[in-house]
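Need coordinates for the following:
(one chain, ligands or ions: 1)
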Amino acid sequence: MSSPFVIVGGGLAGATAAEELRTRGHDGPIELIAAEEFRPYQRPPLSKEYLTGSGGLDDVFAHPDGWEAEHDVTLRTGVAALRIGDHVVALSDGSEVPFAKLLIATGAQPRPLDLPGGDAREVRTFRTLDDADALRGALQGGDRRVVLLGSGWIGMELAAAARGYGNDVTVVARGRVPLAAAIGDELGLMYRRAHEEHGVVFRMDQDVAAIEVGDDGAATGVRLGDEVVPADLVLVGHGVEPDTTLAVTAGLDLDHGILVDERLQTSSPDIVAAGDVANAFHPVLRQRLRSEHWANAIAGGKVAASTMLGGDAVLDAIPYLYSDQYDVGMEYSGYPPLADGAELVIRGDLATRELVAFWVRDDRVVAGMNVNVWDVNEQVQRLIRDRVVVDRARLADPSVDLASLT
Ligand code: FAD
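The predicted structure is shown next:
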């Protein structure tokens with residue numbers, strides 16, 4: 001029997017690749033190795049519906065129960081290591097899995113808090129289903145003083161969920177404006193106002209000196225210079241690092257992630273990489289881009305499967321992400337490296353949080369974000385993809401049909 005196609009990583013990129021291999025007619029064995037005890041799952045609901053309790057596990061798992069068995073995908077649990085020369089993945093229980101083709105989809109890991117007291121009890125990062133179960137349990141009583149370090153997308157979603165249960169929430173971050181690194185000051189302030197209306201307190205422009213720790217080993221506060229912000233729970237939202245542990249031992253080419261071309265091929269012929277761990281050459285941008293988003297895991301999983309089968313699909317999707325906080329839902333499509341410093345054009349109203357924001361560079365839309373305005377993402381993507389020359393006044397005018405601009 002031929003060696004299996006092996007996928008390491010039970011996240012969305014790995015799950016999507018398994019499905020795509022079957023969709024494309026691959027009928028050989030597929031083995032999917034996951035470090036966590038669960039069948040493959042996706043993370044976005046963890047900080048949203050699953051954490052708030054409005055959604056259950058069905059929204060979390062990548063496939064319905066039994067899908068893997070029905071599609072002859074063997075699930076294994078364990079941390080994989082790689083012996084590249086032998087074409088073998090070695091598991092932590094001592095077993096070995098040979099591979100004909102290998103997908104590395106090991107995702108990313110939260111940056112730990114490298115500060116005095118950073119390893120105290122009740123200082124938590126957030127990435128996994130176990131993290132979500134534990135945090136839900138901690139927040140449910142609604143009587144915790146939660147301090148959130150960092151003001152990125154996931155941190156702000158956690159702040160919203162924590163407030164939803166009635167906990168006190170303080171966001172402490174280095175920048176002046178939450179989310180500014182992703183969407184700029186104007187839109188970041190719109191989010192800040194939404195959080196403040198729900199009672200979140202912001203302490204921006206702050207450097208955390210240490211975590212104060214009580215006699216029982218649990219965090220009691222966050223030290224900012226001479227002042228301590230009291231806390232029973234400190235959530236660390238300082239971003240993630242690509243999990244390249246496996247790739248390092250294999251000697252693959254790395255640079256802030258596993259270096260891959262537009263077909264997600266690594267520096268080793270039978271190995272591809274996809275999802276958060278892959279730093280891929282983007283054929284439209286003509287530069288490398290490592291995306292940490294749901295849509296990239298799906299698109300990358302599909303391209304990885306194509307390449308494993310000798311196909312020529314390339315990862316040229318426009319990066320896309322979404323976020324839900326309170327009643328503010330948004331979708332963002334675009335190229336962050338081009339949006340940085342581009343002119344912002346707003347169609348709609350920041351005060352009511354119903355708008356489409358466009359980032360315009362050289363008279364062309366390079367990114368767009370719809371907030372509580374739906375069914376426009378396709379038009380936004382078309383403006384970007386087709387490099388349509390736009391008139392700013394018409395772009396900003398909600399009475400002008402977006403489709404007429406494309
Ligand atoms: P992962 O989902 O990280 O999966 C990788 C898996 O590989 C992990 O389970 C890991 O344990 C396993 N692994 C690592 N090393 C080994 C090894 N040696 N052996 C075996 N297994 C291994 N994106 C959006 O666009 N919108 C959102 O709203 C959004 N919300 C998010 C909310 C949260 C809480 C988080 C954490 C992320 C969110 N994201 C969101 C980002 C999105 O979920 C990620 O981009 C996506 O999960 C990446 O998928 P992946 O398969 O590459 O990696």
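
hey, let's count contacts and neighbours off CA atoms from now on
OK.

What parts of the stretch 151-300 of the chain come near the ligand?
Proximity of the stretch 151-300 of the chain to the ligand (C-alpha under 6 Å from any ligand atom) is limited to residues Ile154, Leu246, Gly275, Asp276, Val277, Glu292, His293, Trp294, Ala295, Ala297.

how does it look with 8 Å?
Proximity of the stretch 151-300 of the chain to the ligand, by C-alpha under 8 Å from any ligand atom, involves residues 153-154, 243-246, 274-278, 291-298.

Would you list the buried entries among those residues?
Listed as buried from those are 153-154, 243-244, 246, 274-278, 291-298; burial here means 16 or more other C-alpha atoms under 10 Å.

Any idea what the nearest residue to Asp243 once chain neighbours are set aside is bridged to?
Distances taken as C-alpha to C-alpha, 6 or more residues apart in numbering put Ala108 closest to Asp243, at 4.6 Å, once the chain neighbours are dropped. Beta-bridge pairing of Ala108 under DSSP bridges involves Pro242.

Model confidence for Ala108, exactly?
For Ala108, the pLDDT comes out at 98.

Surely it and Leu246 touch.
No: checked against C-alpha atoms under 8 Å, the pair Ala108 and Leu246 is beyond contact range at 11.9 Å.

Helices - which of the buried ones among the residues of the stretch 151-300 of the chain next to the ligand land there?
Mapping these onto helices (DSSP state H) picks out Trp153, Ile154, Leu246, Trp294, Ala295, Asn296, Ala297, Ile298.

tell me the helices in the stretch 101-250 of the chain, going along the chain?
Along the stretch 101-250 of the chain, the segments classed as helices by DSSP state H, counting those that start in this stretch run 129-139, 153-164, 180-197, 245-250.

and these as TSV, adding distance to Leu113?
Output for the helices of the stretch 101-250 of the chain, formatted as TSV (distance: least, C-alpha to C-alpha, whole Å):
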stretch	distance to Leu113
helix 129-139	16
helix 153-164	14
helix 180-197	20
helix 245-250	19
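
Out of those, which is closest to Gly66?
The closest of those to Gly66 is helix 129-139. By C-alpha to C-alpha, the value is 19.2 Å.

Compute the inter-axis angle for that closest one and helix 153-164.
Counting by axes from the mean of the first three to the mean of the last three C-alpha atoms, to 10 degrees, helix 129-139 lies at 30 degrees to helix 153-164.

what packs against helix 129-139?
Helices and strands touching helix 129-139, by 3 or more C-alpha pairs under 8 Å, 6 or more residues apart in numbering; DSSP states H and E, are helix 49-52.

CA atoms of the helix it packs on as PDB?
The C-alpha atoms that make up helix 49-52 are tabulated as PDB, following Å, rounded to 0.1, in the frame of the first residue of the first chain:
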ATOM      1  CA  GLU A  49     -20.600  32.500  20.400                       C
ATOM      2  CA  TYR A  50     -18.900  29.700  22.200                       C
ATOM      3  CA  LEU A  51     -17.500  31.900  24.900                       C
ATOM      4  CA  THR A  52     -20.700  33.900  25.400                       C
END
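
Touching it from outside, list them.
Helix 49-52 is contacted from outside by 45, 55-57, 59-60, 132-133, 135-136, 161, 164-165, using C-alpha atoms under 8 Å, 6 or more residues apart in numbering.
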